[in-house]
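Chemist: Next come a sequence and a model predicted from it.
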Amino acid sequence: MPSPFYLSAFEIMDFGYRREFRKALLKKDASSCQFLAMEYDVLQILKDTQGLHTVYRLRDNNLGEVLGEAVISESENEIRLHGIFVKPEFRGRGYGEALMQAVLSYSEAKPLTLCTGLGNVPFFRRFGFEVTEVGDSLVSMERRL
């Protein structure tokens, strides 16, 4: 089981049943010198390595389920985002942004690349990604240093 990593000053505002992320401040863990993930009382981002892939999972401890995840791999020259997903019923609450912030904290030293559908381009542009190639239905993007 992946171990939880913690974020200080992680604020979640609760409006009835709707939670929105307001701010996430990542900190370094002195023992591992890696940027780690986030936790508040209910929500955690778990970081797990599976072979060549690193998986970030957003988990709601009250519900006992994973709400979304992001998968990356690292090569000598770049970090590749293979996918980021939030369950449809939990979209629009800032969870995708929280997962992206965890990925971005890991990729500070190398360019981050991805391939996505045309409809996802605005989401990734918010995080500094630029379109590098356009196909029939897919777009290659990169976030440079």
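Modeler: Great, that's in hand.
Chemist: got the residue ranges for the strands in this protein?
Modeler: Using DSSP state E, the strands of the chain run over residues 8-15, 18-25, 43-50, 53-60, 65-74, 79-86, 112-117, 130-134, 138-143.
Chemist: for the protein, longest helix please?
Modeler: Determined from DSSP state H, the single longest helix within the chain is helix 95-106.
Chemist: Just name the most buried of the strands of the chain.
Modeler: When you average the neighbours per residue for each of those (mean count of other Cβ atoms under 10 Å), strand 53-60 leads with a mean of 20. Every C-beta, even on glycine, is put in place using the N, C-alpha and C of the backbone.
Chemist: Show me how the protein divides into domains.
Modeler: 8-110, 112-145 (automatic domain parsing).
Chemist: one step back: and the longest helix of the chain, what does it pack onto?
Modeler: Applying 3 or more Cβ pairs under 8 Å, 6 or more residues apart in numbering; DSSP states H and E, one finds that helix 95-106 contacts strand 18-25, strand 43-50, strand 53-60, strand 65-74, strand 79-86.
Chemist: The longest one pairs with which strands, and in what direction?
Modeler: Taking DSSP bridges as the criterion, strand 65-74 sits next to strand 53-60 (antiparallel), strand 79-86 (antiparallel) in its sheet.
Chemist: ok, residue 84 to residue 76 distance?
Modeler: Here residue 84 is placed at a distance of 23 Å from residue 76 (Cβ to Cβ, to the nearest Å).
Chemist: shaky segments in this structure?
Modeler: Along the chain, the model assigns pLDDT under 70 to residues 1-41.
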